[in-house]
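Visitor: My questions concern the predicted model and sequence given below.
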Amino acid sequence: AERYFTRWYKPDVKGRPCEDFCVLQHSNRICVITLAEAHPLLQSGKTIKNINYQISANCSRLQNKVSGKSKRFLTELAPLCRISSSDGEEYTIYSCIRGRLIEVNENILSNPALLQEKPSTEGYIAVVLPKFEESKSITQGLLTQKEYEEVLMKRRSSAS
């Protein structure tokens with residue numbers, strides 16, 4: 001993932017502290033949505049109980065059609081899935097970028113530990129393809145790795 005992807009970060013999504021996401025942007029525009037290192041689900045002691053791609057009564061990301069008129073176009077705050085942990089917390093995972101939902105990672109349904117063990121590779125959440133004309137501007141509002149590390153340092157210093 002390091003060689004072909006540029007990492008972008010979206011911290012505190014929807015104002016929820018530490019609910020950070022990482023967008024891995026490939027040189028061919030494809031973006032992989034993952035959990036950022038500081039996300040509560042990746043902290044020690046958390047066990048993932050359930051991952052659900054059913055967003056609402058009428059919307060399951062598993063029924064996603066890639067071709068035809070009904071292909072799903074996502075906004076930045078479109079929910080991708082909900083993940084509940086054994087301590088009763090539930091987290092909604094958001095797209096963070098605008099684009100077409102290409103696929104969701106069904107492997108994490110049967111093996112949720114992948115999310116925690118390999119968040120940037122086999123434990124990804126979804127793959128999103130931005131519109132060609134938006135592919136350069138898609139990362140506006142996202143942070144670089146360096147900027148994200150500064151956010152993490154600020155958090156640590158304000159926590160201590």
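Guide: That came in fine, so what should we check first?
Visitor: all contacts plus neighbour counts: C-alpha atoms, from now on.
Guide: Noted.
Visitor: residue ranges with poor pLDDT in the protein?
Guide: Residue ranges of the chain with pLDDT under 70: 1-2, 64-71.
Visitor: tell me the strands in the chain, going along the chain?
Guide: When secondary structure is read from DSSP state E, the chain shows strands at 5-10, 21-26, 31-35, 48-52, 54-56, 59-60, 73-74, 79-85, 90-94, 99-104, 126-129.
Visitor: Give me the residues contacting stretch 9-26.
Guide: With contacts defined as Cα atoms under 8 Å, 6 or more residues apart in numbering, stretch 9-26 is touched by 1, 4-8, 31-40, 94, 96, 141-145, 148.
Visitor: ok, now how distant is Asn50 from Leu115?
Guide: Going from Asn50 to Leu115 by Cα to Cα, to the nearest Å gives 11 Å.
Visitor: higher neighbour count, those two?
Guide: A count of neighbours by other Cα atoms under 10 Å puts Leu115 above the other of Asn50 and Leu115, at 23 against 16.
Visitor: and the closest residue to that one other than its chain neighbours, how many neighbours?
Guide: Take Leu115 and drop its neighbours on the chain: the residue closest to it by Cα to Cα, 6 or more residues apart in numbering is Gly123, 4.0 Å away. The criterion is other Cα under 10 Å. On that basis, Gly123 has 22 neighbouring residues.
Visitor: which other helices and strands contact the longest helix along the chain?
Guide: In the chain, assigned by DSSP state H, the helix with the most residues is helix 145-159. Of the remaining helices and strands, those touching helix 145-159 by 3 or more Cα pairs under 8 Å, 6 or more residues apart in numbering; DSSP states H and E are strand 5-10.
Visitor: about what we covered before: whichever of the contacts of stretch 9-26 end up buried, select them in PyMOL.
Guide: Buried residues within these, by 16 or more other Cα atoms under 10 Å, are selected in PyMOL with:
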select buried, resi 5+6+7+8+31+32+33+34+35+36+37+39+40+94+96+142+143+144+148
